[in-house]
Each structure stands twice: as structure tokens, then as C-alpha cells.
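Peer 1: structure for this input, please:
(one chain, ligands or ions: 1)
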Amino acid sequence: MQSMDIDSEIDEVYSTVDQSQRQSSGKRRRRRPRWITTFAGALVAVPLWVVIRPLKNWGSPVYIEEEELTLESEGSPSSHGIVLPQILMDEGIYDPADFTNAIDVAPPYWNATTPLFKHSKAWGPCFKPEETMYWEFHSDDEAIANTTLNVPLDYRRDEESKTRNWQNAAGLCRPGFLILGAGKCGTSSLYHYLVDHPKVLPAIEKQIHYFRYHTDKPVGWYYSWFPTTKTFLENGALMTGEASPGYLPYPQVVREIAMTGIEPKLITLGRKPIDRIWSSYKYNYVTPALDKIRSGHGAIPLNKSDDFYKEHFLFSLEELVRAELDQLNRCLYGFGISKTRDMWYHRHWTRKEFDYREKNGLPPLIDLDEVCYGTKPVNKTVTRIQWASLQMQNPQKYIPPKQAFLIQALVGRSLYVLPLEWWYILIHREDMLFVCTEEINNATALLHLSRQLGLPDYDFEPVIAQGAYNVGGHRGYDTATSWNEVRNETDNYSGDDGDEIPLSVELRQELDEFLKPFNERLFNLVGKRCDW
Ligand SMILES: Nc1ncnc2c1ncn2[C@@H]1O[C@H](COP(=O)(O)OS(=O)(=O)O)[C@@H](OP(=O)(O)O)[C@H]1O
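Peer 2: Residues are numbered from 1 along each chain as shown. Modelled structure (predicted):
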């Protein structure tokens, strides 16, 4: 997956998911005729139910008839104005105390005073089903054993859902959190840590990238990547979410999200820039380039060692950072200012911000990806303008073209404040959450974050102790690497000073100087400081 661009990553993910969906649906139990279950259930389950009622998710299956899922059947509003089918409250699946927490924050879509809540035909984040629903509270050991999760999830995905015409969001749920990025900042770990919370259900995939690559599809297609209303409610969930690092860098994604009628909490991770740069150099450049070379590229000899290829056929970190820094200096303090303005000023949603910044002497908005680097090769030898002299002088050195959009921005994607400033134009400040990567190993910091998301308190210590995700060579968003292995195998984790990163002292100093004002601007924007 590593060596592919995000589009093909996603295509691959989709086909794997469809397969696993088919497999997992094959494992689900066949439904029994309802009258049998109702009768048997009444005989056996009712006396038991009296005893075990306080135990959530335990007991024989509970079915809800169609008429029980109408507005009339809904319970009276709780003190927070939440209305759910009465049976969910009676069963103890939800408790009125669920809808606010220790710092008095309600999870997204559960705040009954917001316009979004009043106007959507929904139970919290989930749209009401159009058909009779068939409810089972999961106590099924077999089903549980067949999933990696504590609860078997039901997603409504089928062939039809891939077509543009599929509009219906009935029976589906919206995400309550999105991790926007930045890439290589621990987004996979944070996602897995958050979905360990008993009130949070995962999406089918960590990365859906709907708002970047798939907005030609209806929003129902997007929601179909999350648990269905039925699964969501019967598990007593409060939110679901996803993590797509391709969201953060792009201003057009901000607008797409704001227009979609979702109001998730938006989480951005920022890692010590030099650590992110080094991680991205290895993951987005070295590994995919070596993969490509090993499968045969041009006149590059086969079956040589990694060191041989690195020495003769790859650009060093020093070379790429040097070239990019020159480009960034030209762009951020020169041509990028007017070019960004020309591109964006005519849009309603950005104009006021440009004017405000100009009037108050604030740094100008920059559309880093689009404006500073370009998106197309210059000619057959030069993949991006910033590499013109490098590639002309070393035509034998290889940069995989599909990865160029990531390799070109090793430094740029560590200037977290530049894309974030666009997000703050349209998104409420209280919905923008910033996390320093170096904090995510800390259960207290995660508790704080989960409270800001509107979740009840939870101990994240055990899930953190399991390890980190998507570490170095152990690629894969869903693979945990134990902390022992992490310590043995990574050379750049928080806590050390990154001395082993192969950059000359001079360039490292220049880079630090270059980064400093952007880091300060970031801390100022998000209202907190990281340890870098
Ligand atoms: N808990 C914790 N603390 C510090 N650093 C961590 C943590 N979890 C993951 N990581 C490191 O983050 C890198 C992977 O980031 P992402 O998952 O965001 O990568 S991706 O953009 O989705 O591919 C990857 O960095 P490198 O190993 O340096 O490449 C991970 O090791």
C-alpha cells in the first residue's frame, strides 16, 4: 500500500473491505422467525431480565417492532432534550447521564439545543430507519469471537452504495470526530486509541478520504462506511469517526465539510516537525522508491542492497530538504502570497478573512500545496520545479511520480498552522481540537481529549500499553507494534533529540530557524503549546 498514491490506496482498501464484509456477513447468525423468539423469549428471558437488567448488552435478543420506532414511541425528553426509543432507555442501553460529561460537553449531534439537532430526523448522529428494524442486543459469543472488536458491527454497504445515485442516508450514522492529519503524526494510533472507548464505534476503515477524493458520490455513500443506526444504538454508542490525513492540507476540504450538514469535532495532530519530516522521508519516499526499483525501473540494476540503491539512486534527506526550503522561502515570502490571493479572494467564504488579515497586519493565508509546489511534472526529467537542478544534475536518481505530492512537502506538511488557518475560517473554535503527537501516549491527555469530544471518562492506559500503530517498517494503519519493539526499532521518537537524523548541522539549524515562527503562530492559533 505504501508505494501507491492515496487514490489507489483507497481503491485497494475498498476491495478488501467489500471482501471482508461479505465474509463477516456470512458469519452472522440466521434470523429465527420472530414469533418463536418472542414466545421463547417471553418464557425464558423475562424472569431473567428482571435480575440482569442493569447489565448492559446482556440477555436474550430484544426485538423492536416497527411501531416502536416511531416518534410516538419515543421516550419523553431527558433533561438534555434527548429523545430516543423508550426501549433503549428501559434496557439501560443509554442513560440520561450519557449525553453530557465531566466538563459539561455533549457529544456532537446529541446537544438538543442546536439547530442541527432540531432539524434532522435523527437519533443523535444516526438517521432514522425507513423500514422495520430488527434489533438484537449483542450477547452472542460466536459473533463476538468472529470480530476483532468487542461488538460485531453492521454496516449497510452493497453494490448499489457505490453508485452516484444512491442518496439515501436513512438508517445510517454521521461521524462525530474526524482526525484531519497531519500525515505521519500518529493519526493511526490516535484513531485506535479513541475507538477503544466503549462509547465509540470505528468506521470500516480508518481513512475514508471522502471530502478529498469522493465528493462526486452522495453523502449516503460516505455514511455507509460507518455503523448503521441499528448497530450504533443497540451498542449504546455516542459517536463514530474516521481519520484521513489527506483532509488537513486542502482548503476546499474545509468547505466540503462545512457544507455537508455534519458537525464533527475536528482533531489535528502535530508532531515535532523534524520527526515528521524524517518519518515522511522514509515512508513516503525511500520505501516506495525502493519497492519500485526492486520490481524493475529503467536501467537501474536489480538485486542490489538497499544501501547501494540509497547511495546511487535516491536523493538524500539533505538534498530534498535543501531544495524544498529554497522553494518555500521563495513561495511563503514571495510569489505565494499574491498567487493564493488570486486563487481564493473571489470566494465568499474566504474574502472576509483576507480583508481581516490585511487590515490587522496578520500573516497572509497561503494555499501551500496548490501554490508553492505545483501539481504537475515540469518535463520528462524534472518532476517538480523545486527539484529542477537536483534532477538535471542527477538524472539517474529516482522519485516515484505518484508519491511526488507527499515528497515535495516534507517540510511543508510540518507547517501545521498554514492549512489550519483555513479551517478556523469556517469551523467553530470549540470544534477544532489540537493534539501534540508527543501527548498521545499519555492516558491523562487522552482523557482530556475525550472529554472535549463529549465522551464520558474512560481509562486509556490499557490500550496505549498495547503499543503504537503504523510504526516505521511495520506499516499498516491497523497494526499495533509493541512498545518494546518501538523502542528497539525507531530512532526518532519523542524524547530523544533526533541527532541521528541525517541532516548537516548547518541545514538543521537553518531548518529550525525557518520553522520557529510557524510553530509560534500555530501555538497562538490553537491556544496551546507543544514541546517543540
Ligand atoms: N503513540 C505514538 N507516539 C509517537 N509517535 C507515534 C505514536 N504512534 C504512532 N507514532 C508514529 O506516527 C507515525 C505514523 O503516523 P500516521 O499513522 O499518522 O501515518 S499515516 O500518515 O497515516 O501513514 C509513525 O512514525 P515513524 O515510525 O517515525 O514512521 C509512528 O511510529
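
Peer 1: what residues does whatever helix or strand residue 280 lives in touch?
Peer 2: Per DSSP states H and E: residue 280 is located in helix 273-280. The contact list for helix 273-280, computed with C-beta atoms under 8 Å, 6 or more residues apart in numbering, reads 182-185, 271, 317, 321, 406-407, 410-411, 413-415, 437, 472, 492-494, 498, 501, 503, 508, 511-512, 515, 519, 532. Every C-beta, even on glycine, is put in place using the N, C-alpha and C of the backbone.

Peer 1: next one: stretch 392-405
Peer 2: Residues outside stretch 392-405 that contact it (C-beta under 8 Å, 6+ apart) are 3-5, 8, 284-285, 288-289, 292-293, 297-300, 312-315, 369, 373, 375, 377, 381-384, 387, 390-391, 407.

Peer 1: buried set for stretch 375-391?
Peer 2: 377, 382-388, 390-391 (16 or more other C-beta atoms under 10 Å).

Peer 1: quick check, residue 528 in contact with residue 434.
Peer 2: Yes: between residue 528 and residue 434 there is a contact under C-beta atoms under 8 Å: 6.3 Å.

Peer 1: for those two, indicate the residue with more neighbours.
Peer 2: Comparing residue 528 with residue 434 by other C-beta atoms under 10 Å, the one with more neighbours is residue 434, at 19 against 13.

Peer 1: could you find the closest non-adjacent residue to the more buried one?
Peer 2: Using C-beta to C-beta, 6 or more residues apart in numbering and skipping residues adjacent in sequence, the residue nearest residue 434 is residue 526, 3.8 Å away.

Peer 1: ditto for residue 331
Peer 2: residue 372 is the one closest to residue 331 (C-beta to C-beta, 6+ apart), at 3.7 Å.

Peer 1: also residue 367?
Peer 2: Per C-beta to C-beta, 6+ apart, closest to residue 367 is residue 340, 4.7 Å.

Peer 1: and for residue 154?
Peer 2: Residue 154's closest residue in space is residue 231 (C-beta to C-beta, 6+ apart), at 4.2 Å.

Peer 1: need the three-state assignment for the one you found.
Peer 2: helix (DSSP: H, G, I helix; E, B strand; the rest coil).

Peer 1: hmm, it is touching residue 201, no?
Peer 2: Yes: using C-beta under 8 Å, residue 231 makes contact with residue 201 at a distance of 7.2 Å.

Peer 1: one step back: where's the residue nearest to residue 331 relative to the ligand, distance?
Peer 2: 20 Å (C-beta to the nearest ligand atom, to the nearest Å).

Peer 1: for that residue, the count of nearby residues, please.
Peer 2: 25.

Peer 1: residue 452 too?
Peer 2: Number of residues near residue 452 (other C-beta under 10 Å) recorded here: 18.

Peer 1: how about the contacts made by it?
Peer 2: Taking C-beta under 8 Å, 6+ apart as the test, what residue 452 contacts is 103, 105, 265, 433.

Peer 1: same check, this time on residue 197
Peer 2: Residue 197 neighbours (C-beta under 8 Å, 6+ apart): 450, 455, 458, 460.

Peer 1: hmm, 10 Å instead?
Peer 2: 237-239, 446, 450, 453, 455-460, 463 (C-beta atoms under 10 Å, 6 or more residues apart in numbering).
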